[in-house]
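S.K.: Structure for this input, please:
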Amino acid sequence: MENIREFATSTNGDRWFLGIDQLTNKEVVVHLGNPSSGGHETITSVASFLNQRPLGPEHKALDMLLADRRATEDKGTPTKPV
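M.R.: You can find the predicted model right below:
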């Protein structure tokens, strides 16, 4: 995984990251479960993650991150990869 950036943390310790899959070079969401639940890691495409229901605060956090990045790109300001 490359260019990984945390975008959400839950009160129970779950964490979500946006990163680039090295094999496909596409953005993915990495969910790291809290240690007490086993700390399992899942990797999901951004589109699949945003279409999951029910929507939680982690979905809103990712949506806001992507919207901020699009706004910056629309202004013509180069952005660093996340």
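S.K.: center of the chain - which residue?
M.R.: Central residue of the chain (CA atoms, centre = their mean): Leu18, 3.2 Å from the mean position.
S.K.: That residue should be in a strand, yeah?
M.R.: Yes - counting by DSSP: H, G, I helix; E, B strand; the rest coil, Leu18 is located in a strand.
S.K.: quick one: secondary structure of Glu73?
M.R.: At Glu73 the chain is in helix, as set by three-state DSSP.
S.K.: where exactly do the helices run in the protein?
M.R.: Counting by DSSP state H, the chain has helices at residues 46-51, 57-74.
S.K.: list the buried ones in the longest strand anywhere in the chain?
M.R.: If you go by DSSP state E, the chain has its longest strand at strand 2-9. For strand 2-9, the buried set under the neighbour-count rule, 16 or more other CB atoms under 10 Å, comprises Phe7, Ala8. Using the backbone N, CA and C atoms, a C-beta is placed for each residue, glycine as well.
S.K.: What of stretch 59-73?
M.R.: Across stretch 59-73, burial judged by 16+ other CB under 10 Å covers His59, Ala61, Leu62, Leu66.
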